[in-house]
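Engineer: quick one, fold the following:
(one chain, ligands or ions: 1)
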Amino acid sequence: MTHTQFLASLVCPKTGQPLQVAEDGQSLTAPDGTVYPVLDSNIIDMVHPRELFEDDAREQHLYDQAYQRYDRGVSWVFETLNHSDEAATRQFMIGLMNLQPGQTVLEVGAGTGKDSALIIEQISPGGTAVLSDLSPNMLRLATQKLKAEDVNIHFFLGNGSYLPFADGTFDSVFHFGGINTFSERKKAFAELTRVVKVGGKVVIGDESMAPWLRNEPTYQTLWKANPLFRAEVPIADLPANVENFKLHYIFGNCFYVMEYTVAAKAPEIDIDLPIPGKDFVDNWRLRAEKA
Ligand SMILES: C[S@@+](CC[C@H](N)C(=O)[O-])C[C@H]1O[C@@H](n2cnc3c(N)ncnc32)[C@H](O)[C@@H]1O
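Structural biologist: Residues are numbered from 1 along each chain as shown. Have a look, this model is predicted:
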């Protein structure tokens, strides 16, 4: 997929309606007149809402300031957590998607591209990696680091809670490290799931120390240093149409990673199933008599 074809495939992040591509290919316009411009480094700015909610605006600012320190800083955090092997752990997370050459993958909150490089490796040759972040500076750094001859790579600036794609666009979606602070986290889970094909994989992770560690003194010191470690795993935010859900703890059991497959619809409960007997107790009596 060329850059022009990628632009033409995008839809309005607010309404899902088609967008008009400008003749010079430098912007997209929504039916309500909102213009989404192409920035430097061929990054299209699809952020919605144009004025971000407070938490999202704060995170965008924070990462825009910290982008040069980020790679070393985050590796240091993982070293403190049980001397974790960052490279092996990132391989583990990407491995959960079971990616194949030629597949199309979206990464939300890709940051400087630490996991994106692994995604690109696994969908090569012929795959398409769509990489996004809310921070222009983080994403610019990713554009400089990530190159591939046999994989299409497209970048866009975006809010993970409003994805500019039609339903079922991707084979897999990946997000690691930011969702705890998204202003509209439940909406983000719905979006991250919506854009994956039925049968495709979603892998999402962030800070949350395992419940059985929370009273240990060293872990208390840790969450005092960074209250995000006390975040609960946001299982309740998942949409209904998921199956094969699994939860893993990584990085010294201080981060969670969840994986699930996208289903066509929620599991069915047949509340009209005829049950012999007057009630459940009677039903058990009848069964016992039959046995
Ligand atoms: C801790 S970094 C993780 C970066 C990368 N995934 C990694 O593992 O190194 C969190 C990233 O999420 C991005 N982010 C924060 N809020 C976001 C949002 N609402 N939508 C998309 N990205 C967001 C930040 O800009 C930052 O790059």
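Engineer: roughly how far does residue 216 sit from the ligand?
Structural biologist: 24 Å (Cβ to the nearest ligand atom, to the nearest Å). For the C-beta atoms, the positions are set from N, CA and C on the backbone; glycine is no exception.
Engineer: please work out how many residues are found near that residue.
Structural biologist: 11 (other Cβ atoms under 10 Å).
Engineer: how much space between it and residue 84?
Structural biologist: 17 Å (Cβ to Cβ, to the nearest Å).
Engineer: now do the SS call for the residue of the stretch 1-150 of the chain found nearest the ligand.
Structural biologist: Here the stretch 1-150 of the chain gets closest to the ligand at one residue, residue 111, 2.6 Å apart by Cβ to the nearest ligand atom. Classification of residue 111 using DSSP: H, G, I helix; E, B strand; the rest coil returns coil.
Engineer: quick check: it touching residue 142?
Structural biologist: Yes: if you go by Cβ atoms under 8 Å, residue 111 and residue 142 touch, sitting 6.9 Å apart.
Engineer: shared neighbours of these two, anything?
Structural biologist: Shared contacts of residue 111 and residue 142 (Cβ atoms under 8 Å, 6 or more residues apart in numbering): residue 133.
Engineer: quick check: residues of the stretch 51-200 of the chain near the ligand?
Structural biologist: 56, 59, 63, 74, 108-111, 114-115, 133-135, 138, 159-161, 176-178, 182 (Cβ under 6 Å from any ligand atom).
Engineer: which ones among these map onto helices?
Structural biologist: Within these, residues falling in helices by DSSP state H are 56, 59, 63, 74, 138.
Engineer: pull the most distant pair out of those residues.
Structural biologist: With Cβ to Cβ as the measure, no two of these lie farther apart than 56 and 74, at 19.7 Å.
Engineer: quick one, which of those two is more surrounded?
Structural biologist: It is residue 56, of residue 56 and residue 74, that has more neighbours when counted by other Cβ under 10 Å, with 21 against 16.
Engineer: these two touch, right, that one and residue 179?
Structural biologist: No: with contact defined as Cβ under 8 Å, residue 56 does not reach residue 179; the gap is 11.4 Å.
Engineer: you'd agree residue 28 is in a strand?
Structural biologist: Yes: judged by three-state DSSP, residue 28 forms part of a strand.
Engineer: separation between residue 78 and residue 191?
Structural biologist: 27 Å.
Engineer: now do residue 171
Structural biologist: 16 Å.
Engineer: quick one, strands of the stretch 1-150 of the chain?
Structural biologist: 20-21, 27-29, 35-37, 44-45, 104-108, 128-133 (DSSP state E, counting those that start in this stretch).
Engineer: then the stretch 151-291 of the chain?
Structural biologist: Using DSSP E, counting those that start in this stretch, strands in the stretch 151-291 of the chain cover 152-157, 170-176, 196-207, 242-250, 255-262.
Engineer: what angle sits between the longest one and strand 255-262?
Structural biologist: Here strand 196-207 runs at 170 degrees with respect to strand 255-262, directions being taken by axes from the mean of the first three to the mean of the last three Cα atoms, to 10 degrees.
Engineer: what helices or strands is strand 196-207 leaning on?
Structural biologist: Contact partners of strand 196-207 among helices and strands, from 3 or more Cβ pairs under 8 Å, 6 or more residues apart in numbering; DSSP states H and E: helix 86-95, strand 170-176, helix 185-194, strand 255-262.
Engineer: winner for burial among the ones you listed?
Structural biologist: strand 170-176 (a mean of 25; mean count of other Cβ atoms under 10 Å).
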